[in-house]
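A.B. asks: after the sequence you'll find the predicted model.
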Amino acid sequence: MNNFINQLPKAELHLHIEGTLEPELMFALAARNQIKLPYSSIEEVRNAYQFQNLQSFLDIYYAGAKVLIHEQDFYDLTWAYLQKAQTQNIRHTEIFFDPQTHTQRGITFKVVISGIRRALVDGQNKLNISSHLIMCFLRDLTAENALQTLEEALPYKHWLTAVGLDSGEAGNPPSKFREVYAKAREHGLLAVAHAGEEGPADYIWEALDQLQVLRIDHGVRCLEDPTLVIELAKRQIPLTICPLSNIKLCVFKSMELHPLKKMLEAGLCVMVNSDDPAYFGGHINENFLAAQKGLELTQQEIYQLAKNSFQATFLSMQQKAKFITELDEYYQTFILPADLYGNAVDTNVQDHAGLQKIPIIHS
Ligand code: HPA
Ligand code: ZN
């Protein structure tokens, strides 16, 4: 099973680039930028990563991001993630970044996005990993601040695929950002939002109805509302699940209690992601392995999760079909030919390619 998971072609759709900052790079950047860290060793940093809830994580995560100053720092951060992604056979990735975490400290939007974009282009050309970039608004800040951030982003909108919503969920409902999302959509950006991680199922309804999101990030609390589950399954709204994150942030007490398998059985379009791998103890393959072990996922279920990951991307229908063919060919080597025919490429893959973008070319 380990080999099957490690080599499995997959897409990652819920990954905060600031959450990939490993303590080693944090120390290297702190030295390069002459920033004093509140830790004296890498071990001390890792020991600090004990979280009781989302907010206790966010406090440490925003503090760590302070070492990112120059365009090259954002490049190095993104490039390190992409190199890791290649070893995990991530074929396509749609990454989040939090511009306000940096612009609030006086770093320009241009510095942030240019470094990330340069690494993503290199990722396509040198590692054959295609990508999309999603700009997240910090929901604990004001709607005006989000609107101002969108204005700053508009000159770079050809580098962006979607807007997202992250940071402290409780008390910051999606409806707070209705106007800024409407404006982003007017500019051709797609929409996703974190909802139903710590916040209630109602926040998922709000994200769907008021922000018109095409995917829900986390969304695990949808199970508290059976009508919502039916709606999500009927519309095949993807839910980007992050198993290790949910355990580390105490959303569920143990992996055995994680609802991923139940969600698959309910016909929901769920897949596995790493969220903030440097903080939560593993990248995507470690998430797959932990969920497989805790929930006794079958090879067929692992395959379905990987297939959902490609279905749920913002790639064109042809690009999705190409990756799913690659996945099916891989899967064929692990199962009896008689089982194959039920797993052929779907003909009804959804197409999100209608946008005019300057894409990172997908070979
Ligand atoms: N939830 C909300 N905000 C975040 C997360 C998360 O899981 N990771 C980074 N910012
Ligand atoms: Zn997240």
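C.D. replies: Yep, it's here. Ligands and ions are numbered 1, 2, ... in the order given.
A.B. asks: contacting residues around the helix or strand hosting Asn145?
C.D. replies: For Asn145, the element it lies in under DSSP states H and E is helix 143-153. Where contact means C-beta atoms under 8 Å, 6 or more residues apart in numbering, the residues beyond helix 143-153 that reach it are 99-100, 103, 109, 113, 135, 137-138, 160, 163, 176-177, 179-180, 183-184. C-beta coordinates here come from the backbone N, C-alpha and C atoms, glycine included.
A.B. asks: and stretch 220-234, by the same measure?
C.D. replies: Stretch 220-234 is contacted from outside by 196-197, 199-202, 204-205, 208, 216, 219, 237, 239, 241, 246, 251-252, 259, 262-263, 266-269, using C-beta under 8 Å, 6+ apart.
A.B. asks: how about 7 Å then?
C.D. replies: Under the contact criterion C-beta atoms under 7 Å, 6 or more residues apart in numbering, stretch 220-234 has outside partners 196-197, 200-201, 204-205, 239, 241, 246, 251, 259, 262, 266-268.
A.B. asks: stretch 300-310 too?
C.D. replies: With C-beta under 7 Å, 6+ apart as the test, stretch 300-310 has contacts from 4-5, 8-11, 13, 238, 264, 269-272, 288, 292, 320, 323-324, 327, 331.
A.B. asks: got the CA coordinates for it in PDB?
C.D. replies: Listed next in PDB are the C-alpha coordinates belonging to stretch 300-310 (Å, rounded to 0.1, in the frame of the first residue of the first chain):
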ATOM      1  CA  GLN A 300     -10.100   1.400  -4.600                       C
ATOM      2  CA  GLU A 301     -10.900   4.200  -2.200                       C
ATOM      3  CA  ILE A 302      -7.300   5.600  -2.500                       C
ATOM      4  CA  TYR A 303      -7.800   5.500  -6.300                       C
ATOM      5  CA  GLN A 304     -11.100   7.300  -6.000                       C
ATOM      6  CA  LEU A 305      -9.500  10.000  -3.800                       C
ATOM      7  CA  ALA A 306      -6.800  10.600  -6.400                       C
ATOM      8  CA  LYS A 307      -9.300  10.600  -9.200                       C
ATOM      9  CA  ASN A 308     -11.400  13.200  -7.300                       C
ATOM     10  CA  SER A 309      -8.300  15.300  -6.900                       C
ATOM     11  CA  PHE A 310      -8.000  15.700 -10.600                       C
END
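A.B. asks: average model confidence for it?
C.D. replies: Per-residue confidence for stretch 300-310 averages out to 98 on the pLDDT scale.
A.B. asks: what are the buried residues along that stretch?
C.D. replies: Within stretch 300-310, the residues that qualify as buried by neighbour count (16 or more other C-beta atoms under 10 Å) are 301-310.
A.B. asks: got a quick PyMOL command for the buried subset of the contacts of helix 143-153?
C.D. replies: Selecting in PyMOL just the buried members of the contacts of helix 143-153, where the criterion is 16+ other C-beta under 10 Å, is done with this command:
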select buried, resi 99+100+103+109+113+135+137+138+160+163+176+177+180+183+184
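A.B. asks: out of the contacts of helix 143-153, what pair is the most spread apart?
C.D. replies: With C-beta to C-beta as the measure, no two of the contacts of helix 143-153 lie farther apart than Ile113 and Lys176, at 24.1 Å.
A.B. asks: am I right that Ala170 is in a strand?
C.D. replies: No: using DSSP: H, G, I helix; E, B strand; the rest coil, the secondary structure at Ala170 is coil, not a strand.
A.B. asks: need the contact list for it.
C.D. replies: Taking C-beta under 7 Å, 6+ apart as the criterion, Ala170 is in contact with 198-199.
A.B. asks: which pLDDT value goes with it?
C.D. replies: The predicted local confidence for Ala170 comes out at a pLDDT of 96.
A.B. asks: ok, the residue of the chain found nearest ligand 1 - how many residues close by?
C.D. replies: In the chain, the residue found nearest to ligand 1 is Asp166; the distance is 3.5 Å by C-beta to the nearest ligand atom. If you count neighbours by other C-beta atoms under 10 Å, Asp166 ends up with 26.
A.B. asks: that one reaches Cys136, doesn't it?
C.D. replies: Yes: in terms of C-beta atoms under 7 Å, Asp166 counts as a neighbour of Cys136; the distance is 4.5 Å.
A.B. asks: shared neighbours of these two, anything?
C.D. replies: 96, 98.
A.B. asks: how about the residues of the stretch 51-200 of the chain near ligand 1?
C.D. replies: For the stretch 51-200 of the chain, the residues in contact with ligand 1 under the definition C-beta under 6 Å from any ligand atom are 54, 166-167, 194, 197.
A.B. asks: reformat those residues as a markdown table; add secondary structure.
C.D. replies: Shown next, in a markdown table, are those (three-state DSSP):
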| residue | secondary structure |
| --- | --- |
| Leu54 | helix |
| Asp166 | strand |
| Ser167 | coil |
| His194 | strand |
| Glu197 | coil |
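A.B. asks: widest-spaced pair of the residues you listed?
C.D. replies: Set against one another by C-beta to C-beta, these have their most distant pair in Ser167 and Glu197, with a gap of 10.8 Å.
A.B. asks: picking that back up, strands - which of the contacts of helix 143-153 land there?
C.D. replies: Filtering the contacts of helix 143-153 for membership in strands, criterion DSSP state E, returns 135, 137-138, 163.
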